[in-house]
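Engineer: got a sequence here, can you model it:
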Amino acid sequence: MHPAGYYENARPELLSLFTREPRRLLDVGCGAGAASAEAKRRWPSVTTIGIEVVDQAAGQAKAILDRVVVGSAEALDFSGQGIADIDAVLLGDVLEHMVDPWTFLRKLRGVLTPDATIAASIPNVANIWLIEELAAGRFVYEDEGLLDATHLRFFTRTTIERMFLDNGYRIGALQRVLGGRENDILRNRITGSVWPQWILRRMKARRVTIGGVGREQFDDLRTIQYLIRATPA
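Structural biologist: Purely as a prediction, here's the structure:
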């Protein structure tokens, strides 16, 4: 059971990835429609099309979006539903819930305009909090977050980049969302600060010490989620 508000996130950080005003926005996993509502607030002329598998959330979204298709995005026949000429796509924490996100991204390309932009968020499984949990013998599913019980796929920065590149996209921007639990693990118990351990080429947590860590890897290990802007290659 997901907590209250699970389907009602406006995702302003994802909408900010778009560099121009979209005309036709496809909101995959639109939930109750909060992100599309925010899109309409920012761009009043945008047409919003949502796909949502949860009936109750889809029912709420229908009052907000121009159109909502109820069902699985993976199983959806885009052409049969008349979905085409899409120049903006929201994939807010949805690819990790799919059985085959690679095939879905290939299929999605068929309905995109050449200048389309995808804004996606994907959790990072290679972060220091989860590595510490594994070192303690724990992999406990939760109602939401990194170990959401409905996640089917797990990604690192490298495998996220490879998934987009291998399926016909180029990545224009990749941003990190740093996690609070990750910083707590790394916080110096005397000074209370998270100092740049990459200077010593290693990351020392409570149970785990990782060697050969440069600045980029240090930031990756503190990242809970990646935000990606991608376009058709």
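Engineer: how many neighbours does residue 86 have?
Structural biologist: As a burial measure, the neighbour count of residue 86 was computed by other CB atoms under 10 Å and equals 22. From N, CA and C alone the C-beta is placed, and that goes for glycine too.
Engineer: quick check: it touching residue 28?
Structural biologist: No - counting by CB atoms under 8 Å, no contact exists between residue 86 and residue 28, whose distance comes to 10.2 Å.
Engineer: what segments of this protein are strands?
Structural biologist: Applying DSSP state E to the chain gives strands spanning 24-28, 47-52, 67-70, 86-92, 112-123, 169-178, 202-204, 209-211, 223-232.
Engineer: among the ones you listed, which is the most enclosed?
Structural biologist: Using mean count of other CB atoms under 10 Å, the stretch among these with the largest mean neighbour count is strand 24-28, at a mean of 25.
Engineer: what lines up beside that one in the sheet?
Structural biologist: Using DSSP bridges, strand 24-28 pairs in its sheet with strand 47-52 (parallel), strand 86-92 (parallel).
Engineer: can I get the ones you listed in a markdown table with distance to residue 157 and mean pLDDT?
Structural biologist: Listed next are those as a markdown table, based on distance: least, CB to CB, whole Å; pLDDT from 0 to 100:
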| stretch | distance to residue 157 | mean pLDDT |
| --- | --- | --- |
| strand 47-52 | 26 | 98 |
| strand 86-92 | 16 | 98 |
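Engineer: among those, which is nearest residue 79?
Structural biologist: Nearest to residue 79, of all the strands paired with strand 24-28, is strand 86-92, at 12.2 Å by CB to CB.
Engineer: centre of the chain versus that closest one, how much separation?
Structural biologist: How far strand 86-92 lies from its chain's middle: 12 Å, per CA atoms, centre = their mean, to the nearest Å.
Engineer: could you check the angle strand 223-232 makes with that strand?
Structural biologist: Strand 86-92 and strand 223-232 are oriented at 170 degrees to each other (axes from the mean of the first three to the mean of the last three CA atoms, to 10 degrees).
Engineer: residues making contact with strand 86-92?
Structural biologist: Outside strand 86-92, the residues that touch it by CB atoms under 8 Å, 6 or more residues apart in numbering are 9, 11, 14-15, 18, 22-30, 35-36, 39, 46, 49, 108, 111-113, 115-121.
Engineer: any idea what the most centrally placed residue in the chain is bridged to?
Structural biologist: A centroid search over the chain (CA atoms, centre = their mean) returns residue 121, at 1.6 Å, as the residue closest to the centre. Listed by DSSP bridges, the beta-bridge partners for residue 121 are residue 92, residue 227.
Engineer: any idea how far it is from residue 14?
Structural biologist: Taking CB to CB, to the nearest Å as the measure, residue 121 falls 6 Å from residue 14.
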